[in-house]
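Q: Provided below are the primary sequence and the corresponding predicted coordinates.
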Amino acid sequence: MFEDERNDKIYNLIITNGFDRNNEYGQFTEKLYSKVDFLWKESMSGSYSTASEEFYSKVDGIIMLAGLYNDNKELFEDLLNASKKYDIPIVLVRPYGLEEVPEILEENAATIVGWNANCIIDSIKDARHTM
């Protein structure tokens, strides 16, 4: 394997979770786990609105599952604010089978992606470069 092909980076992600009537969070994390060559861990905070700069300085990206927006608006608002304040890219994942996403999320996303595991991984890796 060439040195350029190795990617030992562990991506530190925040993934929106909360009230999830369709198990989008579980389905999404299954997609990430299915790609064994992509290393990641999830950063969680009791409250994203009060998390410290030190916490956010370690985050590589915020994954917003758009299908969870309506039931978790406060969480999304906290993460949108953190994204702006700490210059963290947002990867917006469209709900299964839908093209439209909430406008506020679309306006703030570095990229919008569907549910293809390869596209998700590429979007996470490229998100910092599209800001």
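A: Perfect, thanks for sending it.
Q: what is the subsequent helix or strand relative to the longest helix seen in the chain?
A: Ranked by residue count and defined by DSSP state H, the top helix of the chain is helix 73-86. Using DSSP states H and E, the next helix or strand after helix 73-86 towards the C-terminus is strand 90-93.
Q: in its sheet, what does that following strand sit against?
A: strand 61-65 (parallel), strand 111-113 (parallel) (DSSP bridges).
Q: just how off-centre is the last one within its chain?
A: Spelled out, it's strand 111-113. The chain centre lies 10 Å from the centre of strand 111-113; the measure is CA atoms, centre = their mean, to the nearest Å.
Q: likewise for stretch 71-82?
A: Using CA atoms, centre = their mean, the offset of stretch 71-82 from its chain centre is 12 Å.
Q: in it, what counts as buried?
A: 72, 75-76, 78-80, 82 (16 or more other CB atoms under 10 Å). Bear in mind the C-beta positions are built from the backbone N, C-alpha and C, glycine included.
Q: which residues of the chain fall in helices?
A: 24-34, 53-57, 73-86, 103-108, 117-126.
Q: redo those as TSV? Include mean pLDDT and distance to Leu65.
A: Listed next are those as TSV, based on pLDDT from 0 to 100; distance: least, CB to CB, whole Å:
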stretch	mean pLDDT	distance to Leu65
helix 24-34	94	5
helix 53-57	96	19
helix 73-86	97	10
helix 103-108	95	10
helix 117-126	93	11
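Q: so which of these comes closest to Asn12?
A: helix 53-57 (9.9 Å; CB to CB).
Q: who does the closest one touch, helix- and strand-wise?
A: Counting by 3 or more CB pairs under 8 Å, 6 or more residues apart in numbering; DSSP states H and E, the packing neighbours recorded for helix 53-57 are helix 73-86.
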